[in-house]
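Trainee: Pasting the sequence and the predicted model now:
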Amino acid sequence: MPYINIRVTDEQVTQEQKRQLIEGATQLVVEVLNKNPQTTHVVIDEIPIANWGVNGKQYLGTKK
């Protein structure tokens, strides 16, 4: 039973994008690992941007 955990920042990820991530990740383990899609679980965690870091610094996004 594959379990896939996708973590993204909470920057307006749409339901359609989430659907595509779940579908694509499932298809990838089916193709690469020959897993059953009916037992493949995908969880998307949306992390508040203030809780994300890169290059040793808190990531606050880009200012426009």
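Mentor: Cool, the structure landed.

Trainee: In contact with the residue nearest to residue 3 when sequence neighbours are not counted, which residues?
Mentor: Leaving aside its sequence neighbours, residue 3 sits nearest to residue 41 (C-beta to C-beta, 6 or more residues apart in numbering; 4.9 Å). C-betas here are computed from N, CA, C, even on glycine. For residue 41, the contacting residues are 1, 2, 3, 4, by C-beta atoms under 8 Å, 6 or more residues apart in numbering.

Trainee: Show me which of those is closest to residue 30.
Mentor: residue 2 (9.1 Å; C-beta to C-beta).

Trainee: Confirm for me that the closest one is in contact with residue 39.
Mentor: Yes. With contact defined as C-beta atoms under 8 Å, residue 2 counts as touching residue 39 (7.2 Å).

Trainee: So for these two, which sits in the more crowded spot?
Mentor: Under the criterion of other C-beta atoms under 10 Å, the comparison of residue 2 against residue 39 puts residue 2 first, with 16 against 9.

Trainee: Can you tell me the element the residue nearest the centre of the chain falls in?
Mentor: Centroid check for the chain by C-alpha atoms, centre = their mean gives residue 6 as the closest residue, at 2.7 Å. Counting by DSSP states H and E, the element that carries residue 6 is strand 3-9.

Trainee: what residues does that strand touch?
Mentor: If you take C-beta under 8 Å, 6+ apart as the criterion, strand 3-9 is touched by 21, 25-26, 29, 40-49, 52, 59, 61.

Trainee: Please name the strands paired to that strand in the sheet, noting orientation.
Mentor: Here strand 3-9 is paired, per DSSP bridges, with strand 41-47 (parallel).

Trainee: How about the strand it pairs with, which residues are buried there?
Mentor: Buried residues in strand 41-47, counted by 16 or more other C-beta atoms under 10 Å: residue 42.

Trainee: Convert the C-alpha atoms of it to PDB, please.
Mentor: The C-alpha trace of strand 41-47 is given here as PDB (Å, rounded to 0.1, in the frame of the first residue of the first chain):
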ATOM      1  CA  HIS A  41      -3.000   6.800  -0.900                       C
ATOM      2  CA  VAL A  42      -2.000  10.400  -1.500                       C
ATOM      3  CA  VAL A  43      -2.100  13.200   1.100                       C
ATOM      4  CA  ILE A  44      -1.500  16.900   0.300                       C
ATOM      5  CA  ASP A  45      -0.300  19.000   3.300                       C
ATOM      6  CA  GLU A  46      -0.500  22.800   2.800                       C
ATOM      7  CA  ILE A  47       2.100  24.400   4.900                       C
END
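
Trainee: Many thanks, have a good one.
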